[in-house]
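K.L.:
fold the following.
(chains A and B)
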Amino acid sequence: MEFNGYKRETGEYGVRNHILVTSSVSCANGVVAALGRKFPDIIAVQNAYGCGTGLEDAATGWLIIAGLMKNPNVGAALIIGLGCELIQPQLFADAVKGKPVEVLKIQGAGSAATTKKAIEIIKKFKKHLSSQKRVKAPFSELLIGLECGGSDALSGVTANPAVGVASDLFIKEGASALFGEITEMIGTDHILKKRCVTPELGEKVQKLIIDHEKLIRELAGPLAGLTISPGNMEGGLSSIVEKSLGCITKAGSAPIVDCIGYGLRPTKKGLMIMEGPGYDIENMTGMAACGAQIIIFTTGRGTPAGTPAVPVIKVSTNTRTFVEMKGDIDINAGTIIDAGKTVEDVGGQIFDFTLAVANGKLTCAEINKSEPFSYAKNHMSG
Amino acid sequence: MVNNALRINPADNVVVAIRNVKKGEPVVVAGETLFEAAQDVELGHKIALSPIKSGSQVIRYGEPILKATCDIQQGEWVHLHNTQPELLYTAP
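P.N.:
Residues are numbered from 1 along each chain as shown, chains lettered A, B, ... in the order given. Predicted coordinates for the structure are as follows:
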């Protein structure tokens, strides 16, 4: 199967052709913000960090910001630096191949002059990208992120299983998929281990989940049991395994071929786990840095959050959220419980919608320009 | 009849109520009327598909999620009062 994408010189294909402007350090964000106001159709991402941190956190910042610049949906990138920060903007630009990349520094020129120069660069980028057309792209070049947030008792009944059906269909047709949020795998390590393609990978995944459980208990102490909360129990969940089983159904039944670090580029094709936090915004940022071109996001209580440069498809678990948050949700999986649809029906609907998004259809989060951005720090260990 | 419960996996021995089910109401899964609900069961909660003996596993998503702590009859509500987690929330 194929989609229609924008071909990059690296051989990758984007489902969008964005101009990205970002910063190597937060001190430069005034210029990024000004450019976002001047050109509302570009992706302007303010880096909240970039200096005054330990080397490990600075390295994660580099990985995530450079990863976003490298994302196949980005056609051209401009990075604004200050001049004295820990990791210089040129080091971000050096990581990006096969597309126009420019670097500007504010020190020595001032923000007004830097903004003026940036405006000329963006106009140049627009001219360059406007002539680019979509071409046939193989499914093997598609990487889809799978996400759940604001879960409720129905997440594991409607939306997640339906996304699992869609994920299996994509994998069968040669695409790859990524799921993470290790907190929401606690209790399922024995199951995910069995789905791994090699015993070594199975051991690695099991250790990752168990180590994460230990970390949560260290951090949360007596509150650790709140990973299954009173709200979860009132809603019908009786054990952490049951809750996590509901979360992992979004990954369907395909074998797990790899487990990659937060924001790192996959080297294999198929279904993979990405190390990362349960916090939606940071998990999506990580998947975008990995090169995911689309994210499918299930939600029970509802959230409008997308992520910069990557279309996020929202699937509600129930009709009430779909109706109350009309304009934020793309697909209603609540039809499985109140309109006679099956999990397979909605899975097919999600597959078709995702393909349409790949070919240019805008999601609610894109239309609303709802693209919060932050990244997990301290993620290079374990 | 309108479905009021859903089974995720063929190996499951519980179904999930997809609307509030009243005691005595027929439990309807995939268009088939199975049995009567032995109690009120709220949306999102579990109903036993078949008797589950004390000490036996509750299977959902094709996996053991709980262990029955007393004999559970077909049609009964399955939750914290008659089960305990199959895996304890402790890592080795």
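K.L.:
for whatever residue of the stretch 251-382 of chain A ends up closest to chain B, which residues are in contact?
P.N.:
For the stretch 251-382 of chain A, the residue closest to chain B is A:Ile337, as judged by C-beta to the nearest C-beta, at 3.8 Å. C-beta: built from backbone N, CA, C; applies to glycine. Neighbouring residues of A:Ile337 by C-beta atoms under 8 Å, 6 or more residues apart in numbering or on different chains: A:Leu154, A:Val157, A:Thr158, A:Asn318, B:Asn3, B:Leu6, B:Ile18, B:Arg19.
K.L.:
and the residues you listed, which of them are in strands?
P.N.:
Of the positions in the contacts of A:Ile337, B:Leu6 sit in strands, assigned by DSSP state E.
K.L.:
phi and psi next, for B:Cys70.
P.N.:
Dihedral pair for B:Cys70: phi -160, psi 170, per degrees, to the nearest 10.
K.L.:
isn't it right up against B:Gln84?
P.N.:
No. Using C-beta atoms under 8 Å, B:Cys70 is not in contact with B:Gln84; the gap is 10.6 Å.
K.L.:
which bits of chain A sit near chain B?
P.N.:
A:152-154, A:156-157, A:161, A:186-187, A:190-191, A:210, A:213-214, A:217, A:224-225, A:233, A:235-242, A:245-246, A:249, A:336-338, A:340 (C-beta under 8 Å from any C-beta of the partner chain).
K.L.:
now these: which count as buried?
P.N.:
With neighbours counted by 16 or more other C-beta atoms under 10 Å in any protein chain shown, the residues of chain A next to chain B contain buried members at A:152-154, A:156-157, A:161, A:186-187, A:191, A:213, A:217, A:224, A:233, A:235-242, A:245-246, A:249, A:336-338.
K.L.:
show me where the stretch 1-150 of chain A has its helices.
P.N.:
Taking DSSP state H, counting those that start in this stretch to define them, one finds helices in the stretch 1-150 of chain A at A:29-38, A:55-70, A:89-94, A:111-130.
K.L.:
cool, the stretch 151-300 of chain A as well?
P.N.:
A:159-172, A:189-195, A:199-220, A:230-234, A:240-248, A:280-290.
K.L.:
relative to A:Arg134, which of the ones you listed is closest?
P.N.:
Of all those, it is helix A:159-172 that lies closest to A:Arg134, at 19.0 Å by C-beta to C-beta.
K.L.:
and chain B, which residues reach chain A?
P.N.:
B:3, B:6, B:8, B:16-19, B:42-46, B:58, B:60-61, B:63-66, B:78-80, B:83, B:85-87, B:89, B:91-92.
K.L.:
report the buried members of those residues.
P.N.:
Buried residues within the residues of chain B next to chain A, defined by neighbour count using 16+ other C-beta under 10 Å: B:3, B:6, B:8, B:16-18, B:43-46, B:58, B:60-61, B:63-66, B:78-79, B:83, B:85-87, B:89.
K.L.:
looking at those, which are in strands?
P.N.:
Using DSSP E, these in strands are B:6, B:16-17, B:46, B:58, B:60, B:63-66, B:78, B:83, B:85.
K.L.:
middle-most residue in chain A, spatially?
P.N.:
Central residue of chain A (C-alpha atoms, centre = their mean): A:Met284, 2.7 Å from the mean position.
K.L.:
can you give me the pLDDT of it?
P.N.:
We have a pLDDT of 97 for A:Met284.
K.L.:
ditto for A:His212
P.N.:
Value listed for A:His212 in the pLDDT field: 86.
K.L.:
how much space between the closest residue to it other than its chain neighbours and A:Leu264?
P.N.:
Sequence neighbours aside, A:Ile182 is the residue nearest to A:His212 in space, at 4.5 Å (criterion: C-beta to C-beta, 6 or more residues apart in numbering or on different chains). Using C-beta to C-beta, to the nearest Å, A:Ile182 is found at 15 Å from A:Leu264.
K.L.:
tell me which of those two has more neighbours.
P.N.:
Shown here are A:Ile182 and A:Leu264; by other C-beta atoms under 10 Å in any protein chain shown, A:Ile182 has more neighbours (24 against 16).
K.L.:
surely A:Glu9 meets A:Pro100?
P.N.:
No. Contact criterion C-beta under 8 Å: A:Glu9 and A:Pro100 do not qualify, at 10.2 Å.
K.L.:
the two: who's more crowded?
P.N.:
Applying other C-beta under 10 Å to A:Glu9 and A:Pro100 shows that A:Pro100 carries more neighbours, namely 15 against 8.
K.L.:
need the contact list for the more buried one.
P.N.:
If you count contacts by C-beta under 8 Å, 6+ apart, A:Pro100 has them with A:Gly75, A:Ala76, A:Ala77, A:Lys124, A:Phe125, A:His128.
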